[in-house]
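Student: no sequence on hand, only this structure:
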């Protein structure tokens, strides 16, 4: 069964450092998303991406965040200057054009120290 | 503020029983509803989607939607210990490109 692949599975970084989280969506999917889940909290929407541009972003997705699709397969989330409160699981998801049902990747656990 | 509310549980049921999970949502215009299962430390896994009022069955799972009451539920028949997980209700944000608003989840424990 096709899957969304995320790397790394766990990233530890110092406060103020930049991190890049990587995702390979399912190949025939057209809509891509990043969500995050702080430990014990809800899964929260960050950003949606379609046709090589951001469709929508939440209040969480401020200027320190950016997304890119540098080639035909990868989809990245960059956090420019990490803060302690950025520590969370970050999930990439994708879906085809004919369904709102997502497939989530296995996630990247980001720990900012 | 659009909200999706779930009882956080834990909901404990014996093996073989029916587990009933409930969810309410605030945006009356929402059209698409989902149930995800999330094992501890893992990512959400889609188990059911429902778009119309009424029931939708898939194996041991039945999703129920009542748009007038802004209520979605998930029934799990013949519950198994492997069903023990947190069940997330998610609602498509109206007017978005499929952005989902998640509830906090209900933790289900199925006792052998």
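Tutor: Sure, I can see it. No experiment lies behind these values; they were computed from the predicted model shown.
Student: show the end-to-end separation of stretch B:55-64, please.
Tutor: Its first and final residues considered, stretch B:55-64 spans 4 Å by CA to CA, to the nearest Å.
Student: tell me which helix or strand the residue nearest the centre of chain A sits in.
Tutor: Residue closest to the average C-alpha location in chain A (CA atoms, centre = their mean): residue A:34, at 3.3 Å. Secondary structure assignment for residue A:34, by DSSP states H and E: strand A:31-37.
Student: quickly check: the helix or strand that that strand is followed by near chain B or not.
Tutor: Following strand A:31-37 in sequence order, the next helix or strand is strand A:43-50 (DSSP H and E). Yes - judged by CB under 8 Å from any CB of the partner chain, strand A:43-50 and chain B are in contact via A:43, A:44, A:45, A:48, A:50. Bear in mind the C-beta positions are built from the backbone N, C-alpha and C, glycine included.
Student: returning to that earlier point: state the distance from the residue nearest to the centre of chain A to chain B.
Tutor: With the distance defined as CB to the nearest CB, to the nearest Å, residue A:34 ends up 11 Å from chain B.
Student: list the contacts of stretch B:16-23.
Tutor: When contacts are defined by CB atoms under 8 Å, 6 or more residues apart in numbering or on different chains, stretch B:16-23 is touched by residues B:4-7, B:11, B:13, B:33, B:35, B:71-79, B:83, B:87, B:89, B:103, B:106, B:108, B:110.
Student: quick check: closest non-adjacent residue to residue B:1.
Tutor: Leaving aside its sequence neighbours, residue B:1 sits nearest to residue B:26 (CB to CB, 6 or more residues apart in numbering or on different chains; 7.7 Å).
Student: count of residues packed around the nearest residue to residue A:50 once chain neighbours are set aside?
Tutor: Nearest non-adjacent residue to residue A:50, counting by CB to CB, 6+ apart: residue A:31, 5.2 Å away. By the criterion of other CB atoms under 10 Å in any protein chain shown, residue A:31 has 21 neighbours.
Student: next, residue B:111: phi, psi?
Tutor: Torsion angles at residue B:111 (phi, psi; degrees, to the nearest 10) stand at phi -90, psi 130.
Student: next one: phi and psi at the residue nearest to it when sequence neighbours are not counted?
Tutor: Leaving aside its sequence neighbours, residue B:111 sits nearest to residue B:14 (CB to CB, 6+ apart; 5.4 Å). When read as degrees, to the nearest 10, the backbone of residue B:14 gives phi -80, psi 150.
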